[in-house]
Every structure is written in structure tokens, then in C-alpha cells.
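Colleague: model this:
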Amino acid sequence: MKYEPLILIILLYVSIQLMGLQIGHELIEKIESGEILPVVEEPENPLTSLTIFVYILIGTGILLLLLKFGLYFIIRIMSFFFLLIGLSFTLWFLFGVIGLLLAAALFILSIWKSKNPAVMNIVLIFTIPGIGALFGSSIAFIPALILILILSAYDLVAVFGTKHMITLAEGAKDKIPLMFAIPFGDRFLGLGTGDLAVPLIFSVSVLRDYSFTNAIITAAGGLIGIALLFVYILNKKECALPALPPICAGLIVGFGVSLMVL
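Modeller: Numbering: from 1, shown residues only. Here you go, the predicted structure:
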């Protein structure tokens, strides 16, 4: 079926959003009660978005350098550390102590079957929600809005301008277990973890400052954005396109619709 990849993308997006919003709701309450601290010092400060963006640039730069010098073992250590933290955080919030056992099992499976696309897709589904929800619950709506606008512009430049995002994507094949692999005929379509983490950050920030219904409608807008992108890609033979601009445009439209209907 030609549109099986699209169905998989929709399932990935919806699963991550639903788990992330559930975790985000709990995190928001804990942050407001002072049980845990947000990941940034000033959640309301618009400059917070710039700080996060700088960290992303630094992380990207480090990855590119490691790829350039062929230090794949360091990249894999960093990647698996990220997986361990994300899995533990997500599954602990969802299932408590049992979740930590599930996280350990999935982590071991990810090391054993790191080149199996289906296994790694499942592992990443349970890695992103906790981390995305933590960042989304830690920043207010305006900084989150600025962040997705900056990241969308950056994605355009990184794919069409400097093309270093394509370099990262090519280097990630079989080396960095941090990309979703969407089967399509005799090839795989790649989708970065950030392309699903960023919309979750934004929808959780909407949940933080507005309501669960606003967040759901916002997330639905992002879903339409990513669906339209993949409908276009599926009709092309080979193309590398930035995913964040259409997703984030959908998120913003979805948020606007939520304000009009609620």
C-alpha cells in the first residue's frame, strides 16, 4: 500500500503527543507545586528560546565534528545515553517502578537490535514523550512559539542552505540510533527525533498556559502539517525536505483555531 508510510507517521505522531501530553500534565502540576524544577531558570522569558537554540547548535556542531573524524563509537555512547534517560523518564511517569523495568528491557533491546528499524522506532516512541514534555512544561507559550519559529527557519537553512542536516541524516544511517526509519518500498524515509519532539514541546507549553483542549487542537494542526508533507514526499522519487516548517505552521494554525472555537 502506497500510503502505509503515512499511516505509520500518523501513528508515531499521535502516540508521542498523547503520551507526552499526559506526562506534561503531571509535570506542570509538579513544577507549579515546587516538587521539581523547570529545566530553565526563567520559563516566561522570551530569551529562553534563544538559550535552548544555542544548546541545539552546540549539540549539532559536536555531532558534525564527531562524524567528520569518524568517532562513531562516541556518537553511539551519547545516543544510547539519551535513549536511557528518555526511556526511563517516559516510562517511569507512565507506569512507575514497573516502567523502569520496561525502560531497562527496551534499552537492552535497543543495544542488541540497534540496526533493526522496527525495534528502534518502538524504542524512540517511548524515548521522546518524557523529554519533550519536560521541556514543554518548563517554558511558557511565548518562548515556545519563538523557539519553533527559530527552529523552522534553522531547518530550512540546514537543509537547503548549508545542507549540514542532510549530512547528519546520512551519517545517522546505521550509526546514530536517533532517527525514525519509515519503510517505503525498497527504501526508508528518515524522520529525526526533533521533528516529533519539537511539536510536543509546543503543545505541552500550550497545555501549560491554556488548556488540554487547546493543546489537542494545536497538536492536531501539527499532525495535518506532517501528513501533508509526507503525502508530497511519497509522490516524489528522492527528495530531502525540512519537516519542521510545515509541522510548526500546522501547530500555529491549530493553536489559532483553538482560540477561535473555545
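Colleague: hey, let's count contacts and neighbours off CA atoms from now on
Modeller: Fine.
Colleague: what does stretch 36-47 rub up against?
Modeller: If you take CA atoms under 8 Å, 6 or more residues apart in numbering as the criterion, stretch 36-47 is touched by 30-31, 48, 134-135, 137-143, 146.
Colleague: List buried members of those residues by neighbour count.
Modeller: Buried members of those, scored by 16 or more other CA atoms under 10 Å, are 48, 134-135, 137-143, 146.
Colleague: mind putting these in a markdown table, distance to Leu178, pLDDT and secondary structure included?
Modeller: Output for those, formatted as a markdown table (distance: CA to CA, whole Å; pLDDT from 0 to 100; DSSP: H, G, I helix; E, B strand; the rest coil):
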| residue | distance to Leu178 | pLDDT | secondary structure |
| --- | --- | --- | --- |
| Thr48 | 25 | 93 | helix |
| Leu134 | 19 | 96 | helix |
| Phe135 | 18 | 96 | helix |
| Ser137 | 23 | 97 | helix |
| Ser138 | 23 | 95 | helix |
| Ile139 | 24 | 96 | coil |
| Ala140 | 27 | 97 | coil |
| Phe141 | 27 | 98 | helix |
| Ile142 | 28 | 97 | helix |
| Pro143 | 26 | 97 | helix |
| Ile146 | 25 | 98 | helix |
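Colleague: which two from the residues you listed end up farthest apart in space?
Modeller: Leu134 and Ile146 (17.6 Å; CA to CA).
Colleague: remind me which residues of the stretch 101-250 of the chain are low pLDDT?
Modeller: Low-confidence segments of the stretch 101-250 of the chain (pLDDT under 70): 171-175.
Colleague: In it, what residue spans correspond to helices?
Modeller: 117-125, 128-138, 141-156, 164-172, 194-209, 212-234, 244-261 (DSSP state H, counting those that start in this stretch).
Colleague: Dump these to TSV, plus distance to Leu102.
Modeller: Formatted as TSV, the helices of the stretch 101-250 of the chain follow (distance: least, CA to CA, whole Å):
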stretch	distance to Leu102
helix 117-125	11
helix 128-138	14
helix 141-156	31
helix 164-172	26
helix 194-209	21
helix 212-234	27
helix 244-261	31
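Colleague: rewinding a little: out of the buried ones among the contacts of stretch 36-47, which is nearest to Ala158?
Modeller: Ile146 (18.0 Å).
Colleague: okay but the closest one is in contact with Thr51, surely?
Modeller: No. Ile146 lies out of contact with Thr51 (CA atoms under 8 Å); the separation is 11.4 Å.
Colleague: where's the residue lying closest to Leu21 once chain neighbours are set aside relative to Phe180, distance?
Modeller: Spatial nearest neighbour of Leu21, chain neighbours left out: Val204 (5.9 Å); criterion: CA to CA, 6 or more residues apart in numbering. Taking CA to CA, to the nearest Å as the measure, Val204 falls 22 Å from Phe180.
Colleague: Repeat that for Gly61.
Modeller: On the measure of CA to CA, Gly61 and Phe180 end up 21 Å apart.
Colleague: Can you point out the buried residues in stretch 141-158?
Modeller: 141-149, 151-152, 154-156, 158.
Colleague: do the same with stretch 98-110
Modeller: For stretch 98-110, using 16+ other CA under 10 Å, the buried residues are 99-100, 102-104, 106-107, 110.
Colleague: Please enumerate residues in contact with it?
Modeller: So stretch 98-110 is contacted by 80, 83-84, 87-88, 91-93, 119-120, 123 (CA under 8 Å, 6+ apart).
Colleague: same thing but 6 Å
Modeller: By CA atoms under 6 Å, 6 or more residues apart in numbering, the list of residues contacting stretch 98-110 from outside reads 87-88, 91-92.
Colleague: Name the nearest of the buried residues of stretch 141-158 relative to Lys68.
Modeller: Using CA to CA, those come closest to Lys68 at Ala158, 16.7 Å.
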